[in-house]
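1. got a structure for you, letters missing:
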C-alpha cells in the first residue's frame, strides 16, 4: 500500500478548514499535542501539520488565484528519514506513511533541513519534531464507520478538494483521478518521489471583462464628480 | 538558514582539534623542526582532544531534546550526522592509545600505527561533518563537493596554526611548520574562493514554478497563510543582503587567510615571536568562525519558495 492525498487545486477555495480540522484532531492524536505559542498574544505562532498558501498565477487580466494546501507528501525516497541520526524518523513499509517516534527524537532539526516541502515543524514545548501522520490513528480505527476512516482534513473539506487513498492500486479513486486529471507531484526534480499529488486547474476560457471607462454624458459627469469629491 | 552559534562553535573547534591532532602525528613521525619532546606531544594531543570534546559538547546545545542525544549513534548506515558522531567517538580511544604509546615509549610500529589510524579517523570525521551539509538536496549552496573540501581545508588550516604556535612555544625550528601552514592556508583560501565564485551563479535549481507545479505562467505568492512567524520562517527565513555578504567575504579572506599568512612571515623573520603566532591562531579561528556563520547565512532552503522566493 502507498497511502497519500490528492489535492484538487481547481476546487480548493482556500478556507483553511483542513488545517483547522487537522489541528483539532491531532492535538490529541498520536504525535500531539500541537503546541501554540502566544495563541492570543501579539505574535501568535505554533505547530501545524497542514498549511495553506495562496499564490497568483499569471498577470492581470489572465491572473488566477491558486490556493495551495501543503502537508507531508509521504515521499517514496524520503531524505528526512535517511538523514535522521536517531532512527526516530521512519517510513512504514506496509503503507508508506512517514512518522516520527516522539520517544526517540532529539530535536536536532536535521530532518526539517532535508524536507523541501516544509512538512516538519519542531514543537518547542516537547523539543521534538512533529509532522502529518496521515491521521494514522483514524484511518485504521475499527470503531469508526468505514466512511469516516479517512484523514480529518479530507473529511472536513467543504469543497471536496481533498482525496485519500492507495496509490499502489491502479483502480483506486486517487489513482484514477490523478490519471484522468494529469495530477503531478511538487518539485519532482529533487527526486524525493512524493506520494501526494496535485490536480491542476482546469483550463477555462477567459471571461471577457470590459475595462475601458464608459462613454456618454452621464459617465462623464460621474467621473468629473468623483475627481472633485475627495474621499 | 538561521546560523546557530552552537553549531558554528562546534564545527570550528572540533575541526581545529582534529586538524591539530593529525598534523601533530605528522610532526611526530617526521620529527619536524627537530621534533617535539614526548611531554610536548602528549600536551598537544590532549589540547586537540579537548577542542574536539568541547566542540561535541557545544553541538548538543542546539538540540531541543538532548536527553535522546545518545541515540544519534544508531543510524550509521544512512545518516552522515550519525556517522560523524560514531567516528568522533571512535577517534577518542585511538587517540588516547597513541598518546599513551608516546608517553610510555611503546615500540615505534605501535606508535606509528595508532597515530596513523587516529589521523585517518580525524580526517574522516571532518569529512563527515562537511557531508552533513553537502548531502542535502534542498540547499543548493551546500549540495556541492566543495563543502567537505572546505571543512577539511579550514579545519587543517586552524590546526596547522595551533601546531605552529606549539612549535614556537617549544622553541623548535619553525621553518617546516611555517611551510606546512602556508601551504594549507593557501589551499583553504583557493577552495573558499572557488566556493564563493560557484554559489554566485544560480544554476539549475527548483523555482517557484516547479515548487507549485504552475509552470505555464509567472507565479507569485499572495499570502503565506500564517499570522506571525512559524518554525519554518525562523529556521529557514534568515536572509543576508548581498552587500553584507560581500563584506563578510572580505573579512574571511583578510582575517582568516591574509592575516595569518602575514604572521607566518613575521614568525619566519623572527619578529614578534610568540605574539605573532598567537595572533595567527586567533585570526585563523576568528576567520573560520566568520566563514562558518556566512556558510549558514548564505544558504537558502527551497522551502522559501513557499514563502515568496522566486528561486533559491
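-> Yep, that arrived. Bear in mind that the values here come from a model prediction, so they are computed numbers and not experimental data.

2. May I have the secondary structure class of the one residue in chain A that gets nearest to chain B?
-> Of all residues in chain A, residue A:107 sits closest to chain B, at 2.8 Å by C-beta to the nearest C-beta. From N, CA and C alone the C-beta is placed, and that goes for glycine too. Three-state call for residue A:107 (DSSP: H, G, I helix; E, B strand; the rest coil): coil.

3. contacting residues for the closest residue to it other than its chain neighbours?
-> Spatial nearest neighbour of residue A:107, chain neighbours left out: residue B:64 (2.8 Å); criterion: C-beta to C-beta, 6 or more residues apart in numbering or on different chains. By C-beta atoms under 8 Å, 6 or more residues apart in numbering or on different chains, the residues touching residue B:64 are A:106-109, A:122, A:124, A:127-128.

4. For chain A, give me the ranges with low pLDDT.
-> A:213, A:231 (pLDDT under 70).

5. cutoff 90 now
-> Along chain A, segments meeting pLDDT under 90 span A:29, A:32, A:60-63, A:201-231.

6. Tell me where it has strands.
-> Taking DSSP state E as the criterion, chain A carries its strands at A:3-8, A:36-37, A:45-46, A:51-57, A:64-70, A:89-91, A:98-100, A:121-123, A:128-130, A:162-166, A:197-199.

7. Put together TSV for those, with distance to chain B and mean neighbour count on each row.
-> What follows is the strands of chain A, written out as TSV (distance: least, C-beta to the nearest C-beta, whole Å; neighbours: other C-beta atoms under 10 Å in any protein chain shown):
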stretch	distance to chain B	mean neighbour count
strand A:3-8	11	24
strand A:36-37	9	16
strand A:45-46	5	20
strand A:51-57	4	20
strand A:64-70	6	21
strand A:89-91	9	20
strand A:98-100	12	22
strand A:121-123	4	24
strand A:128-130	6	25
strand A:162-166	16	21
strand A:197-199	6	24
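
8. and the residue nearest to residue A:107, helix, strand or coil?
-> coil.

9. Please tell me how far it sits from residue A:112.
-> According to C-beta to C-beta, to the nearest Å, residue B:64 and residue A:112 sit 11 Å apart.

10. Next: residue A:94.
-> 25 Å.

11. And residue B:76, by the same measure?
-> Following C-beta to C-beta, the distance that separates residue B:76 from residue A:112 is 21 Å.

12. So which of those two has more stuff around it?
-> Each of residue B:76 and residue A:112 has its neighbours counted (other C-beta atoms under 10 Å in any protein chain shown); residue A:112 has more, 23 against 15.

13. from memory the more buried one sits against residue A:128, does it?
-> No: counting by C-beta atoms under 8 Å, residue A:128 is not a contact partner of residue A:112; they are 11.6 Å apart.

14. follow-up on the earlier one: spit out the contact partners of the residue of chain A closest to chain B.
-> Counted by C-beta under 8 Å, 6+ apart, residue A:107 has contacts A:122, A:127-129, B:63-66, B:68.

15. Which one of those residues is nearest to residue B:53?
-> Nearest to residue B:53 among these is residue B:66, at 15.7 Å by C-beta to C-beta.

16. near chain A at all, stretch B:214-222?
-> Yes: residues of stretch B:214-222 are located near chain A by C-beta under 8 Å from any C-beta of the partner chain, namely B:214, B:216-222.

17. any idea of the mean pLDDT in that stretch?
-> Averaged over stretch B:214-222, pLDDT sits at 93.

18. what about that stretch, start to end distance?
-> Using C-alpha to C-alpha, to the nearest Å, one end of stretch B:214-222 lies 14 Å from the other.

19. Report the buried residues of it.
-> B:214, B:219, B:221-222 (16 or more other C-beta atoms under 10 Å in any protein chain shown).

20. In strands, which of these appear?
-> Using DSSP E, the buried residues of stretch B:214-222 in strands are B:219, B:221-222.

21. Show me which helix runs longest in the chain.
-> The chain I'm using is chain A. Taking DSSP state H as the criterion, chain A has its longest helix at helix A:217-228.

22. should've been chain B
-> Chain B, longest helix under DSSP H: helix B:108-134.

23. who does that helix touch, helix- and strand-wise?
-> helix B:5-29, helix B:80-103, helix B:146-170 (3 or more C-beta pairs under 8 Å, 6 or more residues apart in numbering or on different chains; DSSP states H and E).

24. Any chance of CSV for these, columns mean pLDDT, mean neighbour count and distance to chain A?
-> Output for the helices and strands packed on helix B:108-134, formatted as CSV (pLDDT from 0 to 100; neighbours: other C-beta atoms under 10 Å in any protein chain shown; distance: least, C-beta to the nearest C-beta, whole Å):
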stretch, mean pLDDT, mean neighbour count, distance to chain A
helix B:5-29, 95, 25, 10
helix B:80-103, 96, 20, 4
helix B:146-170, 96, 25, 14
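
25. Can I get the ones you listed in a markdown table including distance to residue B:263?
-> Converted to a markdown table, the helices and strands packed on helix B:108-134 look like this (distance: least, C-beta to C-beta, whole Å):
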| stretch | distance to residue B:263 |
| --- | --- |
| helix B:5-29 | 16 |
| helix B:80-103 | 28 |
| helix B:146-170 | 8 |
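
26. Could you pull up phi and psi at residue B:187?
-> Phi and psi for residue B:187, reported as degrees, to the nearest 10, are phi -60, psi -40.

27. pLDDT score assigned to it?
-> At residue B:187, pLDDT is 97.

28. That one touches residue B:154, doesn't it?
-> No: if you go by C-beta under 8 Å, residue B:187 and residue B:154 don't touch, sitting 10.0 Å apart.

29. list the contacts for residue 116?
-> Since no chain was named, I'll use chain A. A:187, A:190, A:192, B:137-138, B:206, B:211, B:301-303.

30. Let me rephrase: I mean chain B.
-> residue B:25.
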